[in-house]
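Peer 1: Pasting the sequence and the predicted coordinates here, then a few questions.
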Number of protein chains: 2
Amino acid sequence: MQKRTIEWRNGKVVTIDQTRLPHETVFLELESCDEVAEAIKTMKIRGAPLLGAAAAYALALTAYHLKAKKREELINELEKAAETIRKTRPTAVNLFWAIGRILAKAKNNPEDPKTLRIFVLQEAQKIANEDAAANHLIGKYGAVLINDGDVILTHCNAGALATVDYGTALGVIRVAWEQGKKIRVIATETRPKLQGARLTTYELKQSGIPVTLIVDSAVGYLMHKRLISKVIVGADRIVRDAVINKIGTFTIAILAKEHDVPFYVAAPKSTFDLAHTSKNVIIEERKPEEITHIGSQRIAPEGIEVFNPAFDITPLEYVTAIICESGILYKEDFSKLKASSGFK
Amino acid sequence: MQKRTIEWRNGKVVTIDQTRLPHETVFLELESCDEVAEAIKTMKIRGAPLLGAAAAYALALTAYHLKAKKREELINELEKAAETIRKTRPTAVNLFWAIGRILAKAKNNPEDPKTLRIFVLQEAQKIANEDAAANHLIGKYGAVLINDGDVILTHCNAGALATVDYGTALGVIRVAWEQGKKIRVIATETRPKLQGARLTTYELKQSGIPVTLIVDSAVGYLMHKRLISKVIVGADRIVRDAVINKIGTFTIAILAKEHDVPFYVAAPKSTFDLAHTSKNVIIEERKPEEITHIGSQRIAPEGIEVFNPAFDITPLEYVTAIICESGILYKEDFSKLKASSGFK
């Protein structure tokens, strides 16, 4: 029985195929770095914290299955695997962060290849364990921001499925719910890949937390009608000046500001990239077919030009607070993020 | 050869089935008021100005096919037909306006039933002709607001397909294009019914006007990147304090304000309802399946609660100018709208 969204099991990485949810629960057994890379590219694996764990496990698969005689050979193959994973998706920093940790672990330990293999796998497990623990802490810290009766808007999926376990934004919602606060969630469907309609509603329904699905463009109307008391979203990367998250996040942040609704970001520190600003971040553009087709069904005329950025940039001035495993960082503390030596 | 989106032809109303576009061009031949009502409910006919013409023609069908001996019988049947049409969709005012005009025409003329039938049909034709003419005027007036090089965002479909001919927001774009201005259009897909992805891209492609399709939630990102110079949308109803239009319009208006992008509304005066404010307007809520399914394909888990308002309310303070067939009404002139005796 799978307990986490991603697990290491006998030399395989087992994870749920997120493109098949909510209709089918299909587990993938990935045996190589290339298989993990393919699952990331096709978004069978998605969600910034989960991408971190998957990247770490991809390198662990490489180390585990390589019968390396020499230390250099192992390091070499890990470097190649790292490059394969780095090329999958450019925006979520967790992926690069996890690769960096695994490579550092391998390079900084002058052990024989056999021992190094174990070290690499242990480090990947540690990354996964830390993420699960971080989410529970994020939930605990964030829940103090939630009041009885709140209606909380969330965008995309920042739940257990986006992480190793429990979820970031949904982690906060879960803890508040478990504390007995009577809350309701509004989930945006999150075009084009419908992570809100498919995954967030699915997770919340499984947990018995009331959820209402809306189209992305209805957020303004709901705020106008005072139907939303708080917004909580996850993040793909937090840089010194901005939060990078699923396309549509910035739009919601502006709507929240206009209506004086608090806008919270919940993310583990593995998502923080304080060496950079938003200018340094590549916003992934995905293929037109994500918009022109739903499944195999074409919805737009043939030959239409499409612009499909997968993420957007929310300047920090729109963010009320960031919730991470170390606590809540309020607006007045954001200067700590801006000092690159800071929070992390 | 059909020249307009809706035409009267030998006792039938001929119109294009907008749910089948862009894949198939299917014409509907509607022979009764009930058939028109059904086509409106299922959005085979949609777009506020087109709904006005369709409502007028629905009453003309009733009058035309009724072999009424007495004047009272004709008026009675017209009243019943009016009630059937009024119950189809509550938000676009053009529908109620057109019914009012037809009923007044019938009631105010003490003619025999045979003559009245002709009067009713003539009035419906007049409504349709006026709409086509209004759109050309809207285009002419609005085009002065468009500069060479502009990138214009539009939402939903306010084109020829939403009107009897030519279009309101797209009418403005057409005239600017015909004047040789090098413009580009960004079309939002417009969930849940995808009028932008299906209809606006189709119309613009047919006219050779460059168009790029985006998801609704990408508007914030494009504005942040300064990729949009102007917004033009249509309207389903303009009341004394607000513009009621497709869900998502208000969100775009806030984004435009935040980024100092002009936000224009293009609509004929048949869309003006200056006797009311936004408090008096019923925002239609449509069935959950529009969001939980695409075609026959289910995308959200079963049993999920859905909120599906079809329109939203944009207070006039977010609107830069309203373009109608009488000219451009700038922000400083909106007080004329607020006086119920005013502009109309």
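Peer 2: Happy to help now that I have it.

Peer 1: For residue A:114, see how far away the residue of chain A positioned farthest from its centre is.
Peer 2: Most distant residue from the mean C-alpha position of chain A: residue A:69, 36.3 Å away (Cα atoms, centre = their mean). Distance, residue A:69 to residue A:114, by Cβ to Cβ, to the nearest Å: 10 Å. Every C-beta, even on glycine, is put in place using the N, C-alpha and C of the backbone.

Peer 1: Count the neighbours of the nearest residue to the residue farthest from the centre of chain A once chain neighbours are set aside for me.
Peer 2: Among residues not flanking residue A:69 along the chain, residue A:113 sits closest, at 6.8 Å (Cβ to Cβ, 6 or more residues apart in numbering or on different chains). Each residue near residue A:113 was counted by other Cβ atoms under 10 Å in any protein chain shown, and the total is 19.

Peer 1: next one: residue A:87
Peer 2: Counted by other Cβ under 10 Å, the residues lying close to residue A:87 total 11.

Peer 1: Any residues of the stretch 51-200 of chain A in contact with chain B? List them.
Peer 2: With Cβ under 8 Å from any Cβ of the partner chain as the criterion, the stretch 51-200 of chain A meets chain B at residues A:186, A:188-192, A:194, A:197-198.

Peer 1: which one of these sits closest to residue A:180?
Peer 2: Nearest to residue A:180 among these is residue A:186, at 20.4 Å by Cβ to Cβ.

Peer 1: so when I look at that closest one, I'm seeing a strand, right?
Peer 2: Yes - under DSSP: H, G, I helix; E, B strand; the rest coil, residue A:186 sits within a strand.

Peer 1: from memory it sits against residue A:155, does it?
Peer 2: No - contact criterion Cβ atoms under 8 Å: residue A:186 and residue A:155 do not qualify, at 9.6 Å.

Peer 1: correct me, but residue A:3 touches residue A:165?
Peer 2: Yes - under the criterion of Cβ under 8 Å, residue A:3 makes contact with residue A:165 at 7.5 Å.

Peer 1: okay, the two: which has more neighbours?
Peer 2: Higher neighbour count among residue A:3 and residue A:165: residue A:165, with 24 against 8, using other Cβ under 10 Å.

Peer 1: confidence score at the spatially closest residue to the more buried one that is not a sequence neighbour?
Peer 2: Spatial nearest neighbour of residue A:165, chain neighbours left out: residue A:132 (4.0 Å); criterion: Cβ to Cβ, 6+ apart. What the model reports for residue A:132 is a pLDDT of 97.

Peer 1: Relative to the whole chain's centre, how far out is the strand or helix carrying residue A:132?
Peer 2: Element membership for residue A:132 (DSSP states H and E) is helix A:113-143. Distance of helix A:113-143 from its chain centroid, counting by Cα atoms, centre = their mean, to the nearest Å, is 15 Å.

Peer 1: Just the C-alphas of stretch A:98-115, formatted as PDB.
Peer 2: C-alpha atoms of stretch A:98-115 as PDB (Å, rounded to 0.1, in the frame of the first residue of the first chain):
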ATOM      1  CA  ALA A  98      17.700  18.300  -5.100                       C
ATOM      2  CA  ILE A  99      20.100  17.500  -7.900                       C
ATOM      3  CA  GLY A 100      22.600  19.800  -6.300                       C
ATOM      4  CA  ARG A 101      22.300  18.100  -2.900                       C
ATOM      5  CA  ILE A 102      22.700  14.600  -4.400                       C
ATOM      6  CA  LEU A 103      25.700  15.600  -6.500                       C
ATOM      7  CA  ALA A 104      27.400  17.400  -3.500                       C
ATOM      8  CA  LYS A 105      26.800  14.300  -1.300                       C
ATOM      9  CA  ALA A 106      28.400  12.100  -3.900                       C
ATOM     10  CA  LYS A 107      31.300  14.400  -4.700                       C
ATOM     11  CA  ASN A 108      32.100  15.300  -1.100                       C
ATOM     12  CA  ASN A 109      32.400  11.700   0.100                       C
ATOM     13  CA  PRO A 110      35.600  10.000  -0.900                       C
ATOM     14  CA  GLU A 111      34.100   6.600  -0.600                       C
ATOM     15  CA  ASP A 112      34.200   3.500  -2.900                       C
ATOM     16  CA  PRO A 113      31.400   3.300  -5.500                       C
ATOM     17  CA  LYS A 114      29.500   0.700  -3.500                       C
ATOM     18  CA  THR A 115      29.300   2.900  -0.400                       C
END
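
Peer 1: In that stretch, which residues are buried?
Peer 2: For stretch A:98-115, burial by neighbour count (16 or more other Cβ atoms under 10 Å in any protein chain shown) applies to A:98-99, A:101-103, A:105-106, A:113.

Peer 1: Point me to the residue of the stretch 1-150 of chain A nearest chain B.
Peer 2: Chain B sits closest to residue A:22 of the stretch 1-150 of chain A, with a gap of 4.2 Å, by Cβ to the nearest Cβ.

Peer 1: all strands for the stretch 51-200 of chain A, in order.
Peer 2: Assigned by DSSP state E, counting those that start in this stretch, the stretch 51-200 of chain A shows strands spanning A:151-154, A:184-188.

Peer 1: would you turn the ones you listed into TSV with mean pLDDT, distance to residue A:259 and mean neighbour count?
Peer 2: Shown next, in TSV, are the strands of the stretch 51-200 of chain A (pLDDT from 0 to 100; distance: least, Cβ to Cβ, whole Å; neighbours: other Cβ atoms under 10 Å in any protein chain shown):
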stretch	mean pLDDT	distance to residue A:259	mean neighbour count
strand A:151-154	98	11	24
strand A:184-188	98	14	25
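
Peer 1: Mind putting the ones you listed into a markdown table with distance to residue B:250?
Peer 2: Formatted as a markdown table, those follow (distance: least, Cβ to Cβ, whole Å):
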| stretch | distance to residue B:250 |
| --- | --- |
| strand A:151-154 | 15 |
| strand A:184-188 | 15 |
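
Peer 1: quick one: which of those is nearest residue B:128?
Peer 2: Nearest of the strands of the stretch 51-200 of chain A to residue B:128, taken as Cβ to Cβ: strand A:184-188 at 38.9 Å.

Peer 1: so what does the closest one touch, helix or strand wise?
Peer 2: Under the contact definition 3 or more Cβ pairs under 8 Å, 6 or more residues apart in numbering or on different chains; DSSP states H and E, strand A:184-188 sits against strand A:151-154, helix A:201-207, strand A:211-214.

Peer 1: Mind listing the strands that strand pairs with, and their directions?
Peer 2: Note on strand A:184-188: by DSSP bridges, its sheet partners are strand A:151-154 (parallel), strand A:211-214 (parallel).

Peer 1: So what touches that strand?
Peer 2: Contacts to strand A:184-188, defined as Cβ atoms under 8 Å, 6 or more residues apart in numbering or on different chains, come from residues A:150-156, A:173, A:196-197, A:200-201, A:204, A:209-216, A:218-219, A:222, A:227-228, A:248, A:252, B:217, B:307.

Peer 1: And the residues you listed, which of them are buried?
Peer 2: Neighbour counting by 16+ other Cβ under 10 Å classes A:150-156, A:173, A:196-197, A:200-201, A:204, A:209, A:211-216, A:218-219, A:222, A:227-228, A:248, A:252, B:217, B:307 among those as buried.

Peer 1: quick one on the thing from earlier: so who does the residue nearest to residue A:165 touch?
Peer 2: By Cβ under 8 Å, 6+ apart, residue A:132 lies in contact with A:4, A:163-166.

Peer 1: before we move on, what about residue A:110?
Peer 2: Neighbours of residue A:110 in contact, by Cβ under 8 Å, 6+ apart: residue A:71.
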